[in-house]
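Peer 1: the sequence and its predicted three-dimensional model are supplied below.
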Amino acid sequence: AQKITQTQPGMFVQEKEAVTLDCTYDTSDQSYGLFWYKQPSSGEMIFLIYQGSYDEQNATEGRYSLNFQKARKSANLVISASQLGDSAMYFCAMRDLYNFNKFYFGSGTKLNVKP
Amino acid sequence: DAMVIQNPRYQVTQFGKPVTLSCSQTLNHNVMYWYQQKSSQAPKLLFHYYDKDFNNEADTPDNFQSRRPNTSFCFLDIRSPGLGDAAMYLCATSRDNRGSSYNEQFFGPGTRLTVL
């Protein structure tokens, strides 16, 4: 069964505007972690932000925030004040305790920031 | 700086000629992963090691093998590369995640494999 769903293959955003990248997940575990990674065209995967299933506050890291809605099983990434350097693939990933060392990745969203 | 290193960054091989990709880490993480990633797709987990315990994914072809001689190093061997094996190969590490959901993966820069 697919664990992570990203329904936006591609997104465009104007520079300096905010953008939301969608991610929904599926698990029966109560304890799990959600991660977002950025992959520029150079290929390296860069960790952006983490949300734990028991965290009551939405995670924030600089311009990145995670809109965590546990009941809806969604973990959307919000990028504020988009920059040209934000143009990249973005992957949502999850780890749960059933297979505690496995990370499940979504299919990714390609973000293009327009000047 | 603690990091994950992959060598080489670019590898060209011939159809059917064995190739080995290497990964090393200075993070002292006990979990190491190999992913295959084709263009515009999600990384696909091939296998991972938890210490010396090897965990193969059910759909990983037998053509792909791995070795982890010590904590720091992990190798991906492709015994007879086919044209369909051309991809980016990503190595990643993580701390032991048992009992904790926090630990993220740290990725190397990847090795881009071309099969002629």
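Peer 2: It's in.

Peer 1: which residues of chain B lie near chain A?
Peer 2: B:31, B:33, B:40-43, B:45, B:48, B:50, B:55, B:88, B:90, B:92, B:94, B:96-99, B:101-102, B:104-110, B:112 (C-beta under 8 Å from any C-beta of the partner chain). (C-beta placed from N, C-alpha, C; glycine too.)

Peer 1: make a PyMOL selection of the buried ones in the residues you listed.
Peer 2: Buried subset of the residues of chain B next to chain A, written as a PyMOL selection, criterion 16 or more other C-beta atoms under 10 Å in any protein chain shown:
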select buried, chain B and resi 31+33+42+43+45+48+50+88+90+92+94+97+101+104+105+106+107+108+109+110+112
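
Peer 1: just checking, which of the residues of chain B next to chain A belong to helices?
Peer 2: Within those, no residue falls in helices by DSSP state H.

Peer 1: for the closest residue to B:Gln105 other than its chain neighbours, name its beta-bridge partners.
Peer 2: Using C-beta to C-beta, 6 or more residues apart in numbering or on different chains and skipping the chain neighbours, the partner closest in space to B:Gln105 is B:Ala92 (4.3 Å). Counting by DSSP bridges, B:Ala92 is bridged to B:Tyr33, B:Phe107.

Peer 1: mind checking how far the residue sitting nearest the centre point of chain B is from chain A?
Peer 2: Geometric centre of chain B, nearest residue: B:Trp34, 2.4 Å, by C-alpha atoms, centre = their mean. Going from B:Trp34 to chain A by C-beta to the nearest C-beta, to the nearest Å gives 13 Å.

Peer 1: helix or strand: which one has the residue of chain A found nearest chain B?
Peer 2: Using C-beta to the nearest C-beta, A:Gly33 is the residue of chain A that sits closest to chain B, at 3.4 Å. Using DSSP states H and E, A:Gly33 maps to strand A:32-39.

Peer 1: please consider this matter closed, and thank you.
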